[in-house]
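*Asks:* this one's structure only:
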């Protein structure tokens, strides 16, 4: 118990004094996971909506793949991304291993199936004739997709929050592709693991608390947007 | 309706700003050095002092990848690192013999110690010779924690068991954590067991542990650090110039002086002992 | 038929779903300004026909001609879809305000905000829901929601309006109120309308023509009285119901009851009407009694008409007697009475029915 209290005190201290290293780590966590979530938002919602509205042979297989992808182990993603980005690997020429860019890529790969799967379900849950009604109002296919997305905004935003939650808390892939380099690719999760393995439990707990606060604050904003016109 | 549009616009702009600032400029590959080292080396904090000096001096950007010794050398074998800073002499020699590394040079050493609960149930305190200490622990059947992670510490521990003629594998009192040094020390402290640790990590965590130093000073407990440049002949993509620059830096007088006094302020005694230029066989107490 | 050109024409239209032919219409012509009802059982193809005419479903064969121009799959159907509006059985409103819902069709067409506001206000007024302007679409009743859906469709000023059973999810009083309002709006705007419905009385009241569908085909199409009085086959007969349909005009009022002129004859009924109003009388055959001579009983009925039996059809428990007494009429007679009165085709009889047994349908305009 004392350890947790120590951790809380430490967290408080680090935040109040705006400890530069911790602030840097926190900002980087936000940038990397934020960018990855944004990318997964575009990829996930468009792909999920596309599959939801299309009929094609093998559709069921594709949907199963997406649903499986939602539970993709992040560390496995990290391993494969690392192998691809190695100097001598197929994408080595990009020279992005051990950079925040690689972390964004890995996190986007982790988050996209989550957003995709939830978008797919959200669009499919809309009334069957809604799509036809929108077309009957004279909408182009593009306008129709946009209106459907707006109609499903509640579950879609939940999907985005799920995607964000998945990557802000992710550590396996981040360590592997980022290298946990001080001041460069070190984020809250990787720093927590490092401090724990060093035995600095108070710092580890403090970082953990800061991570929780960060995640909570972001989700507070997203929830506010989602619930603004909540049915009563 | 207008209000929601504004909020959406603001959030979109914020997102874009965030994305842009996260896009770090891709440095030219020549300026990047990938240094593969061990977690215990990084945890000692020595590199946090040395790397900034090197970077400022040479303009290189050093990516310190801290993993287990095994992985560090595997990275060198695959040409995914430019220079190694490790402390597993047997494996290192093999690495160089097989042509993966060149210019293996000694940098410094620290030592390992055997720690355990103050009560010392196996009564190892005072026994001369670490192999005898291990024999005593085995015959007493007291709890011993092993890192079991192919780290330098783990290799040293296995070497001692071998020298003592004991195979601890599978024995009830021999527990394998698979964890880093700091965590393994914590487990030993919690469970009142013995373990082999490097002095630096022990000193750093001493205040949170209920473990005492029960054996030290034996030559076999020396932990020697070498710097090895990855052989560019085997892997052309290796930053040979950068690797060499870093290796040269590590053996330089400037660094050796820093090593000599590192840790004194915090722990009362230095964590490492500079050895550049010496021969490994000459080391000892 | 020669006067106004057909606004929509269908030729050899076929729609296949999962290998089965679900719609097969060799020919159908819809005139500008007319209201055509589609009636038929579930699965008859009413929805498929409407959605195909809305170009939401691609036909597997055949052509649709809009004002003479062929709407082929090669042309962009966007232009077509913007001239045609469809309302479904469920309101399918968007999760926003009533204003935004009604404006949605206009926003899709890129109209500017000030003009949108004007048109939305007009249409809300027309459907009597101006007070709901800023209400959330989730917080209105079923009837109000359907009005919003209709206003949304009307706002786009469609040349053809397609309604798929728009009243069936409403309770009777709401349905009645909406029906009345829609009727006057349709007559006023002279909007060509195709409406699918289960309710024969709705079809009778609203439409100029009725088409009876089954298994993807149109069995009979024509003015309501014609289809309902003279069904071409058993199925149509069973579907359109048994009443005799008689269109007329109110010529006299006596307090609660009134007299209408039906094909030159005066028939008395009960109801709230205006002088000169068009009405349709629906008389159930079991309410028509036949006698060979006028008797004491018959004198209490206000409607007594001598006529001649045209046809007798045995229907098991009773007989269906078709007669003509200045207007066509159908009566049910038991086998017992048939014998007693010695009824036979060609025989002269007197038909009488009570004024109170007539179901009166008021029709604002159009043909019957």
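*Replies:* Cool, got the structure. What you see is a predicted model, and the numbers here were worked out from it, not measured in a lab.
*Asks:* isn't residue C:321 right up against residue C:309?
*Replies:* Yes: counting by Cβ atoms under 8 Å, residue C:321 does reach residue C:309; the two are 6.0 Å apart. In this view, the C-beta of every residue, glycine as well, is placed from N, C-alpha and C.
*Asks:* those two: which is more packed in?
*Replies:* residue C:321 (25 against 21; other Cβ atoms under 10 Å in any protein chain shown).
*Asks:* helix, strand or coil: sort out that one for me.
*Replies:* Recorded secondary structure, residue C:321: strand (DSSP: H, G, I helix; E, B strand; the rest coil).
*Asks:* beta partners for it?
*Replies:* residue C:312, residue C:331 (DSSP bridges).
*Asks:* coming back round to it: next, show the common contact partners of residue C:321 and residue C:309.
*Replies:* The contact sets of residue C:321 and residue C:309 overlap at residue C:343 (Cβ atoms under 8 Å, 6 or more residues apart in numbering or on different chains).
*Asks:* from chain A, how far off is residue C:331?
*Replies:* 44 Å (Cβ to the nearest Cβ, to the nearest Å).
*Asks:* who touches that residue in this structure?
*Replies:* So residue C:331 contacts C:285, C:288-290, C:320-321, C:323, C:351 (Cβ under 8 Å, 6+ apart).
*Asks:* which pair in those spans the largest distance?
*Replies:* For those, the maximum inter-member distance is 14.4 Å, found between C:289 and C:320 (Cβ to Cβ).
*Asks:* between these two, point out the one with more neighbours.
*Replies:* Between residue C:289 and residue C:320, residue C:289 has the larger neighbour count (other Cβ under 10 Å), namely 19 against 16.
*Asks:* how far away is the nearest residue to residue C:155 once chain neighbours are set aside from residue C:159?
*Replies:* Excluding its sequence neighbours, the residue lying closest to residue C:155 (Cβ to Cβ, 6 or more residues apart in numbering or on different chains) is residue C:123, at 4.6 Å. Applying Cβ to Cβ, to the nearest Å, the value for residue C:123 to residue C:159 is 16 Å.
*Asks:* do residue A:136 as well
*Replies:* According to Cβ to Cβ, residue A:136 stands 14 Å off from residue C:159.
*Asks:* overlap of the contact sets of those two?
*Replies:* Joint contacts of residue A:136 and residue C:159 (Cβ under 8 Å, 6+ apart) are residue C:84.
*Asks:* higher neighbour count, these two?
*Replies:* The neighbour comparison of residue A:136 against residue C:159 (other Cβ under 10 Å) goes to residue A:136, with 27 against 17.
*Asks:* got the buried residues for the helix-or-strand element of chain A with minimal mean pLDDT?
*Replies:* The weakest-scoring helix or strand in chain A, judged by mean pLDDT, DSSP states H and E, is helix A:2-16 (a mean of 81). By neighbour count with 16 or more other Cβ atoms under 10 Å in any protein chain shown, helix A:2-16 contains the buried residues A:7, A:10-11, A:14-15.
*Asks:* and if you look at stretch C:301-308?
*Replies:* Using 16+ other Cβ under 10 Å as the test for burial, stretch C:301-308 gives C:301-305, C:307.
*Asks:* and which of those is nearest residue B:201?
*Replies:* Taking Cβ to Cβ as the measure, residue B:201 lies nearest residue C:303 of the buried residues of stretch C:301-308, at 111.1 Å.
*Asks:* and the gap between that closest one and chain A?
*Replies:* Going from residue C:303 to chain A by Cβ to the nearest Cβ gives 47 Å.
*Asks:* contact partners for that residue?
*Replies:* Going by Cβ under 8 Å, 6+ apart, residue C:303 touches C:267-268, C:352-355, C:358.
*Asks:* greatest separation within these: which pair is it?
*Replies:* Maximum pairwise distance in these, criterion Cβ to Cβ, is 12.1 Å, between C:352 and C:358.
*Asks:* residues contacting residue C:35?
*Replies:* Each residue near residue C:35 by Cβ under 8 Å, 6+ apart is listed here: C:186, C:192-193, C:195, C:206-209, C:366.
*Asks:* out of those residues, which sit inside strands?
*Replies:* If you go by DSSP state E, those have C:192-193, C:195, C:209 in strands.
*Asks:* nearest to chain B among the residues you listed?
*Replies:* If you rank the ones in strands among the contacts of residue C:35 by distance to chain B using Cβ to the nearest Cβ, residue C:193 comes first, at 32.3 Å.
*Asks:* give me the pLDDT for that closest one.
*Replies:* Residue C:193 is assigned a pLDDT of 95 by the prediction.
*Asks:* does it touch residue C:36 like I think?
*Replies:* Yes: between residue C:193 and residue C:36 there is a contact under Cβ under 8 Å: 7.1 Å.
*Asks:* roughly how far apart are residue B:193 and residue B:207?
*Replies:* For residue B:193 relative to residue B:207 (Cβ to Cβ), the value is 19 Å.
*Asks:* which one of the residues in chain A is closest to chain B?
*Replies:* Residue of chain A nearest chain B, by Cβ to the nearest Cβ: residue A:199 (3.0 Å).
*Asks:* how close does that residue get to residue A:19?
*Replies:* 20 Å.
*Asks:* out of these two, name the residue with the larger neighbour count.
*Replies:* Per other Cβ under 10 Å, whichever of residue A:199 and residue A:19 has more neighbours is residue A:199, with 23 against 15.
*Asks:* the more buried one contacts residue B:203, correct?
*Replies:* No: if you go by Cβ under 8 Å, residue A:199 and residue B:203 don't touch, sitting 11.4 Å apart.
*Asks:* how much space between residue B:113 and chain A?
*Replies:* The value you get for residue B:113 to chain A, if Cβ to the nearest Cβ is used, is 16 Å.
*Asks:* residue contacts, that residue?
*Replies:* Residue B:113 sits next to B:196-199, B:202, B:213-216, B:221 when contact means Cβ under 8 Å, 6+ apart.
*Asks:* can you give me the strands for chain B?
*Replies:* Counting by DSSP E, the strands of chain B are B:32-38, B:61-67, B:83-86, B:101-116, B:144-146, B:174-176, B:194-198, B:212-215, B:222-230, B:273-274.
*Asks:* over to chain A?
*Replies:* Defined through DSSP E, the strands belonging to chain A form an empty list.
*Asks:* ok, the spatially most central residue of it - contacts?
*Replies:* By Cα atoms, centre = their mean, chain A has its centre lying nearest to residue A:164, at 3.1 Å. Shown in contact with residue A:164 (Cβ under 8 Å, 6+ apart): A:33-34, A:37, A:111, A:215, A:218-219, A:222.
*Asks:* ends of stretch B:139-147, what's the gap?
*Replies:* The straight-line separation of the ends of stretch B:139-147 (Cα to Cα, to the nearest Å) is 21 Å.
*Asks:* now it: buried residues?
*Replies:* Residues of stretch B:139-147 classed as buried: B:142-147 (neighbour count, 16+ other Cβ under 10 Å).
*Asks:* which residue sits closest to residue A:3, ignoring its sequence neighbours?
*Replies:* Residue A:3 sits nearest to residue A:201 (Cβ to Cβ, 6+ apart), 5.5 Å away.
*Asks:* can you tell if stretch B:235-243 touches chain A?
*Replies:* Yes: if you take Cβ under 8 Å from any Cβ of the partner chain as the test, stretch B:235-243 does meet chain A, through B:235, B:237.
*Asks:* what mean pLDDT does that stretch get?
*Replies:* Stretch B:235-243 carries an average pLDDT of 91.
*Asks:* any idea how far it is from the middle of the chain?
*Replies:* 23 Å (Cα atoms, centre = their mean, to the nearest Å).
*Asks:* contacts for it, please.
*Replies:* Outside stretch B:235-243, the residues that reach it (Cβ under 8 Å, 6+ apart) are A:87-88, A:92, B:29-34, B:60, B:78-79, B:82-83, B:229-232.
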